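Peer 1: Turn this into a model:
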Amino acid sequence: MTGTATEFIDRLQRRLGHAFADSRLLAEALTHRSFGQPNNERLEFLGDSVLNCAMSLALYARFSDLREGDLSRLRASLVCQEALARVAATLELGDCLRLGEGELRSGGARRPSILADAVEAVIAAVTLDAGFEAARALVERLFAPLLAEVDPAAPGKDPKTALQEWLQARKLALPVYTMLRVLGEAHAQEFEVSCEVAKFALRTVGRGGSRRAAEQQSAELALAQLRQT
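Peer 2: Numbers count the residues shown, from 1 in each chain. Here you go, the predicted structure:
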């Protein structure tokens, strides 16, 4: 590893507030599958579960009067790709990722889906390195700004649901989602989906690491425009 790369890793550990006893775990967490083996896919799987558990504990402690459904919606808004990518940006995680040449050329170090997966992998790496309590504390630190933004009186709905309810309240037809194209190589595809609201001749296009994520983004863009009308 070059001196510059070592500096990035050292800076990342300082931002995480965790110095790894086993540096191989962090290296694996930062390795995308396009780079080779071992990579962070298994850590991502574990990190997803750890993150959901840690976030559930955080929300349960903060909002003692919220019902299960509201807590679930709040958690979904905090562990989504967009939120994870925001956390990755504060950590400057993209500078530390190990990517294959194709991903490097296509801007993979800034792709939200790759960054979100890497955050989950890092959380898993901390879990294996120091235990769940260390990972839980890490989640509390990393997501503190996002938790501070949460409005317990109005838990957010996902964009597709919010758009549907907005249209139904006005007795208008539901939007039509159309798959436009799939970008990238098989191991790192990005989907492009349009959302059309016929009544307003409105068409927006969203992108995401899955069809669902792309639909959600296109719905979010549509709803933002409709609310301005």
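Peer 1: Run through this structure and note the low-pLDDT ranges.
Peer 2: 1-4, 153-157, 187, 229 (pLDDT under 70).
Peer 1: Recalculate using a threshold of 80.
Peer 2: Within the chain, the ranges that satisfy pLDDT under 80 run 1-5, 151-157, 185-188, 228-229.
Peer 1: domain parsing for it?
Peer 2: Per automatic domain parsing, the domain ranges recorded for the chain read 3-149, 159-226.
Peer 1: now the helices: where do they sit in the chain?
Peer 2: For the chain, the helices defined by DSSP state H cover 3-16, 23-29, 41-62, 68-78, 81-91, 101-105, 112-130, 132-142, 144-149, 159-169, 211-226.
Peer 1: Point out the most buried one among those helices.
Peer 2: Of all the helices of the chain, helix 112-130 carries the top mean neighbour count, a mean of 24, counting by mean count of other C-beta atoms under 10 Å. Heads up, the C-betas are built off the backbone N, CA and C, glycines and all.
Peer 1: From the chain's centroid, how far away is that helix?
Peer 2: Its chain's C-alpha centre and that of helix 112-130 lie 11 Å apart, by C-alpha atoms, centre = their mean, to the nearest Å.
Peer 1: Which residues are in contact with residue 202?
Peer 2: Residues near residue 202 by C-beta atoms under 8 Å, 6 or more residues apart in numbering: 196, 222, 225, 226.
Peer 1: Output those in TSV; the columns should cover distance to residue 27.
Peer 2: Formatted as TSV, the contacts of residue 202 follow (distance: C-beta to C-beta, whole Å):
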residue	distance to residue 27
196	45
222	41
225	44
226	46
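Peer 1: and stretch 59-76, how far apart are its ends?
Peer 2: 11 Å (C-alpha to C-alpha, to the nearest Å).
Peer 1: er, stretch 165-178 I mean
Peer 2: For stretch 165-178, the first-to-last residue distance is 20 Å (C-alpha to C-alpha).
Peer 1: How far does that stretch sit from its chain's centre?
Peer 2: Put simply, stretch 165-178 sits 27 Å off its chain's centre (C-alpha atoms, centre = their mean).
Peer 1: which residues sit in contact with the residue minimising distance to the centre of the chain?
Peer 2: Centroid-nearest residue in the chain: residue 81, 2.0 Å away (criterion: C-alpha atoms, centre = their mean). By C-beta under 8 Å, 6+ apart, residue 81 lies in contact with 112, 113, 116, 208, 209, 213.
Peer 1: if I look at the nearest residue to it once chain neighbours are set aside, how far off is residue 196?
Peer 2: Excluding the flanking residues, the one nearest residue 81 by C-beta to C-beta, 6 or more residues apart in numbering is residue 116, at 4.5 Å. Using C-beta to C-beta, to the nearest Å, residue 116 is found at 27 Å from residue 196.
Peer 1: how about the residue lying farthest from the centre of the chain, phi and psi?
Peer 2: If you look at how far each residue of the chain sits from its centre, by C-alpha atoms, centre = their mean, the farthest one is residue 171, at 33.1 Å. Dihedral pair for residue 171: phi 60, psi 40, per degrees, to the nearest 10.
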